[in-house]
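Enquirer: compute the structure for the input listed below.
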Amino acid sequence: MHNEYILLMHEDAPDRVASNDPEQWARYLGGLRATGQFDGGSEIGAGERLRKGQPGEPAARAIGGFIRVRAATLEEARQFLAGNPVYEAGGTVELRELPKS
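Expert: Numbers count the residues shown, from 1 in each chain. Take a look at the predicted model:
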């Protein structure tokens, strides 16, 4: 049985060139696809933070993208950090379980 997890890539890597390298991303995503446990992902663009009754404000740019994967446990899902360009460049990648609710 597999659970779903999301990897949230922050835009805080000290080596911005490496964390955004298209060739590294192509290799990494190709490896994820080969596992059969990759459920997609995307960069995250600009947007708004909204609250009822208040004017919108620009969304924080702390998170630059996400990836969805399947794994039996959180510990198993950690394997998907290896080769992630943001993680390898010293940046933050949050790993969160997506509850089945």
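Enquirer: ok, Ser42 - contacts?
Expert: The contact partners of Ser42, by CB atoms under 8 Å, 6 or more residues apart in numbering, come to 65-66. All C-beta spots, glycine's among them, are computed from the backbone N, C-alpha and C.
Enquirer: at 10 Å instead, please
Expert: 65-68 (CB atoms under 10 Å, 6 or more residues apart in numbering).
Enquirer: just the residues you listed now: which is nearest Val17?
Expert: Gly65 (16.4 Å; CB to CB).
Enquirer: give me the neighbour count for that closest one.
Expert: Residues contacting Gly65 under the criterion other CB atoms under 10 Å number 17.
Enquirer: distance between the helix or strand containing it and the chain's centre?
Expert: Following DSSP states H and E, one finds Gly65 within strand 63-71. Relative to its chain's centre, strand 63-71 lies at 4 Å (CA atoms, centre = their mean, to the nearest Å).
Enquirer: check which helices and strands it is in contact with.
Expert: Judged by 3 or more CB pairs under 10 Å, 6 or more residues apart in numbering; DSSP states H and E, strand 63-71 is in contact with strand 3-10, helix 22-35, strand 38-43, helix 74-77, strand 93-98.
Enquirer: so which bits of the last one are buried?
Expert: By neighbour count with 16 or more other CB atoms under 10 Å, strand 93-98 contains the buried residues 93, 95.
Enquirer: and that strand, C-alpha only, in CSV?
Expert: In CSV, the C-alpha atoms belonging to strand 93-98 read as follows (Å, rounded to 0.1, in the frame of the first residue of the first chain):
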residue,chain,number,x,y,z
VAL,A,93,12.7,20.6,0.2
GLU,A,94,9.7,20.0,2.4
LEU,A,95,8.3,16.5,2.3
ARG,A,96,4.7,16.2,3.4
GLU,A,97,2.2,13.4,3.4
LEU,A,98,-1.1,14.0,1.7
